[in-house]
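**Student:** sequence below, structure please.
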Amino acid sequence: MTLVRSAMSPASFDRDVVDHQRACEWYQSNVKPEIELVSIDNLPKLELITMLASFPQGIEDRYVLNLRDELSELLIDYTRVRQAYLAANSAAEVSSWEEGTRIILPFIISIATALALSALFISNVSHETGPCGANKMTNSD
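**Tutor:** Here you go, the predicted structure:
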């Protein structure tokens, strides 16, 4: 991008152009390579302090300084969202214990149900037949 002086340009135009060029060079060499690594499959930790520490000293253009501050806020937001995503993703992973429980629990429930039904059946049979399987005598008078 080329900035061209006009009648409306501020007195600090030449200085502002230099500030813009220095900020662009800083962004291209320090920030862009890191940001280009970010994708849905790759969420690297971006070192905000390291990136901002290398920001060129002596820049006075308010527009450039505002862009730097906005970039800083975006990187802080990225770090916060990245941490939340990684925490949620970690919590959603199934442990080996949970996987084992998922496999064996239906068998345990089946066995418990079979034992409960067997106990109920044995209890009903013993009430009908009496102790030791002998038929109960009934009085029909």
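**Student:** dump stretch 10-19 to PDB, restricted to CA.
**Tutor:** Only the C-alpha atoms of stretch 10-19 are listed here, as PDB (Å, rounded to 0.1, in the frame of the first residue of the first chain):
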ATOM      1  CA  PRO A  10      -1.400  16.200   8.400                       C
ATOM      2  CA  ALA A  11       1.900  17.900   9.100                       C
ATOM      3  CA  SER A  12       3.200  14.600  10.500                       C
ATOM      4  CA  PHE A  13       2.500  12.800   7.200                       C
ATOM      5  CA  ASP A  14       6.100  11.800   6.500                       C
ATOM      6  CA  ARG A  15       6.600  10.500  10.000                       C
ATOM      7  CA  ASP A  16       3.300   8.600   9.900                       C
ATOM      8  CA  VAL A  17       4.300   6.900   6.700                       C
ATOM      9  CA  VAL A  18       7.500   5.700   8.300                       C
ATOM     10  CA  ASP A  19       5.500   4.500  11.300                       C
END
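**Student:** what's next to it, contact-wise?
**Tutor:** 3, 5, 59-61, 63-64 (CB atoms under 8 Å, 6 or more residues apart in numbering). In short, each C-beta sits where N, CA and C put it, glycine included.
**Student:** domain ranges for this structure?
**Tutor:** 13-92, 98-133 (automatic domain parsing).
**Student:** lowest-confidence stretch among those?
**Tutor:** Lowest mean pLDDT within the domains of the chain: domain 98-133, a mean of 74.
**Student:** what about the longest helix in this structure?
**Tutor:** helix 96-129 (DSSP state H).
**Student:** that one: how far from the chain's middle?
**Tutor:** Centroid separation for helix 96-129 versus its chain: 40 Å, with CA atoms, centre = their mean, to the nearest Å.
**Student:** just the domains of the chain: most buried one?
**Tutor:** domain 13-92 (a mean of 13; mean count of other CB atoms under 10 Å).
**Student:** now Ser54. Its backbone dihedrals?
**Tutor:** phi -90, psi 0 (degrees, to the nearest 10).
**Student:** so which elements touch the longest helix of the chain?
**Tutor:** In terms of contacts (3 or more CB pairs under 8 Å, 6 or more residues apart in numbering; DSSP states H and E), helix 96-129 is not packed against any helix or strand.
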